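In: Generate coordinates for the sequence data below:
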Amino acid sequence: MTITLLKRITKYSFYSIIAIIIFLILLYHWVSKQAAPYIFTDSNQLSSRTVGLVLGTAKYLRNGKLNPFYQYRIEGAVKLYQQGKIKHLLLSGDHSRKNYNEPETMQQDLIRAGIPASSMTLDYGGLRTLDSILRAEKIFQVNSFTIITQSFHCDRAILISRKHQLDAQCYAVAAPTGKNYAKVIFREILARVKAVSDLYIKHKQPKFLGKPEPIFSSAQH
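Out: Numbering: from 1, shown residues only. Prediction:
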């Protein structure tokens, strides 16, 4: 390989990397811009909805400490319920392993916080955000709801909801800061690429579907 050819390959590789970085940045901000009108950090600005959709995550970190992302979502759900902004909670998360059950874990903590079990429905098929959003409509027959999660996650959840013409808004709860937050945002960048691909190219559906299980006999959507 000649030095000239090597330089040319290096140059093209450099420009390709720069182009990919620019694309990722633009895509990240495009998703945020699409979702911005439907995301609120002030609960008083939320429209009242019958159902609040809590997106699951692990309660504990690998080091055994309480996951603050989980904690803030639970606190946010309790706050909206107590304020009367929502009347029923749909707890959607991962239960793909026998000893790992995000919906039931959330339910237990919400009961401890004073929310009756009768005001909660558990969705064990929420393996990822797309599954949680689409199962809310397809399985639980709800097409208008308030999502409860962190702001960066709200962006993606709202994008999915609006692409499927669901009347969703998102309550953006607090997010921890620090050195690990950069890792979270990096993963979110990749998750948004996948979300856009799933929505606009692959037209993905939830992994698990089945018979409808309406939350309400005559649901107020």
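In: check contacts around Glu213.
Out: Taking CB atoms under 8 Å, 6 or more residues apart in numbering, we find Glu213 in contact with 139-141. C-beta: built from backbone N, CA, C; applies to glycine.
In: cool, Tyr171 as well?
Out: Applying CB under 8 Å, 6+ apart, the residues contacting Tyr171 are 40-41, 43, 46, 52, 76, 80, 85, 146-148, 154.
In: which one of the residues you listed is nearest His203?
Out: His203 has its nearest neighbour among the contacts of Tyr171 in Ile147, at 21.4 Å by CB to CB.
In: and that closest one, what element?
Out: Taking DSSP states H and E as the definition, one finds Ile147 inside strand 144-150.
In: Please export the C-alpha coordinates of that strand as CSV.
Out: In CSV, the C-alpha atoms belonging to strand 144-150 read as follows (Å, rounded to 0.1, in the frame of the first residue of the first chain):
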residue,chain,number,x,y,z
SER,A,144,-54.5,8.9,25.8
PHE,A,145,-52.1,8.9,28.7
THR,A,146,-49.4,10.6,30.6
ILE,A,147,-45.9,9.0,30.5
ILE,A,148,-43.7,9.2,33.5
THR,A,149,-40.0,9.0,33.1
GLN,A,150,-36.8,11.2,32.7
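In: who touches that strand?
Out: Outside strand 144-150, the residues touching it (CB under 8 Å, 6+ apart) are 46, 49-55, 69, 72-73, 76-77, 80, 85-86, 90, 133, 136, 154, 157-158, 161, 166-175, 221.
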